[in-house]
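[1] I would like to see how this sequence folds:
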Amino acid sequence: MKETYSKDLISKGDFASYENRVHLAGAMNIGKSSLASTLIGEKVPTAYHSTDGLVVHFGRIGIHLEDKKMIPFVQSDSNILHKIILEKPQRSTQTANYFQEICDGTYRIKVAPSDLIDFGGQRPFDMTHQLFIHHKGTFILMFDGRYRLNTPLKEYPQGDITAKDILVHWVNSILIYCQPGDDKMPIILFAATHSDVICADEISVKKKEFIDELTLLFQSHKQRKHIVCDRLFFIDATNRDDLEIELLKDALVDIAFKQPTWGNRISVAWVPLELQISEWRTNGINFLQKEEIKKFNESNPEFMMNETRLEEFLNLQHSLGKVIYIDQPGLQNFIVIQPKAMIKILRSFVTHEKLWPKDYELRVILASIATSGMVEKKQLLSLWSQPQFKQLLPSTEHKEYIIQVLLHFDILVEPKCDEESCETYLVPCLNVEISTD
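    This next block holds a predicted model:
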């Protein structure tokens, strides 16, 4: 992080911050969600359910800073910080001690929470993942270890799509959306699944074959330094005692400790707003107007940030993937504090036919979008008039903002249009051939 703290912020104290994010990606039906459940300590589902879009597990895996081990995250040290910063009318002796440690710069957390993102493997969502993968972190690209990388996958009946195709797509997407300039991050690892159905004496042979294939596939990539091809984790994603998963976790911890931002000093003045955003998110709030953020900031005189520091805070939160804040004219009035809300919005017009609503008029709209690869603004507004979107997008202002966000990330694209205001958009992720001449 750039050293932009002013003396007034430093005087309030700071503490070491350990931000980390792990992404799981790959084809459908290969065990990404099973691995996610194993990592966060939840029961692994026995029946297959396709992840519709993605699932974000905020702070659900922890890294023990002394033991350097990854553990399911149960309780955050931020709970202590919450009591320290916001407790009123007076601080207890123990809380005051913690507060003094923070102000003295001697406070240390024991377990650093990490976010885990589980990307769905459906092809229509491939072009929408830029909302979530432009942030740096560690990516685990997974594939089914029972088959060769060039074997067509039966889960994708639209063509001869192979694990190789999907891995190349993800590597290119990650390294395009993640901005250059960082010497180490992001890091891309590979994991093969279903080791439990492969004979033990075949595992080492298949592992070497996969490593050779991956090396050949990516050895000439322009950003080869981000891609770890010489090591493969052959896992049973359903077994929390799997030794290969333990090795994978150790590798994730090692990468986390080597991040340039690991242990950066964060001003304690940022903590109240960060905790409040987390609380809003927990209470089901998805979007905030910037004025609401400003009001809360002003309500804490002891830790109030000036406008410049508030902008720095929001931009940092965006870079960490905690919020979506686009620091551009016309897009600065709202902050998406629950990025998962964007998936619900995307699913309103990019989703499988079996998930379409029963309403006839809405099905006609979705059929038109699916076949033409285009959507009219009035069609989006009709889809967003459904009951499940009334709380999510309560006003015309919210809906206009979302359209601009979708345009910003090229999920919607304005075609060539002679009119000054064109209200029909291309939907590139639907992969429909369209003439725009």
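
[2] How far does the longest strand along the chain sit from its chain's centre?
    Of all segments of type strand in the chain, defined using DSSP state E, the longest is strand 54-64. Distance of strand 54-64 from its chain centroid, counting by C-alpha atoms, centre = their mean, to the nearest Å, is 10 Å.

[3] which residues touch it?
    18, 20, 22, 33, 36, 39-40, 69-74, 76, 110-120, 125, 129, 132, 253, 256, 278, 281, 322, 339-340, 343 (C-beta atoms under 8 Å, 6 or more residues apart in numbering). For every residue, glycine as well, the C-beta is placed using N, CA and C.

[4] Report the buried residues of it.
    Residues of strand 54-64 classed as buried: 54-63 (neighbour count, 16 or more other C-beta atoms under 10 Å).

[5] That strand pairs with which strands?
    Applying DSSP bridges, strand 54-64 is found paired with strand 69-72 (antiparallel), strand 111-119 (antiparallel).

[6] Let me know which of the ones you listed is tucked in deepest.
    strand 111-119 (a mean of 23; mean count of other C-beta atoms under 10 Å).

[7] Can you name the element that comes right after that one?
    strand 138-144 (DSSP states H and E).

[8] Put the alpha carbons of that next one into PDB.
    C-alpha atoms of strand 138-144 as PDB (Å, rounded to 0.1, in the frame of the first residue of the first chain):
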ATOM      1  CA  THR A 138      -4.400 -17.000  -5.200                       C
ATOM      2  CA  PHE A 139      -6.300 -18.900  -7.900                       C
ATOM      3  CA  ILE A 140      -6.700 -22.700  -7.800                       C
ATOM      4  CA  LEU A 141      -7.700 -23.900 -11.200                       C
ATOM      5  CA  MET A 142      -9.300 -27.300 -10.900                       C
ATOM      6  CA  PHE A 143     -10.000 -30.100 -13.400                       C
ATOM      7  CA  ASP A 144     -11.200 -33.700 -13.200                       C
END
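
[9] tell me what the next helix-or-strand element following that strand is packed against?
    Per DSSP H and E, the first helix or strand lying C-terminal to strand 138-144 is helix 163-177. Applying 3 or more C-beta pairs under 8 Å, 6 or more residues apart in numbering; DSSP states H and E, we find helix 163-177 packed against strand 21-26, strand 138-144, strand 187-193, helix 200-218.

[10] Can you get me a residue count around Lys416?
    Close neighbours of Lys416, defined as other C-beta atoms under 10 Å, add up to 7.

[11] how would you label it: helix, strand or coil?
    The three-state assignment at Lys416 reads coil, by DSSP: H, G, I helix; E, B strand; the rest coil.

[12] What distance do you get for it to Leu426?
    10 Å (C-beta to C-beta, to the nearest Å).

[13] Quick check, Ser33 in contact with Asp118.
    Yes - between Ser33 and Asp118 there is a contact under C-beta atoms under 8 Å: 5.6 Å.

[14] contacting residues for the residue most central in space within the chain?
    Closest to where the C-alpha atoms of the chain average out (C-alpha atoms, centre = their mean) is Phe132, at 4.3 Å. Neighbour list for Phe132: 23, 54, 56, 117, 119, 321, 339 [criterion: C-beta under 8 Å, 6+ apart].
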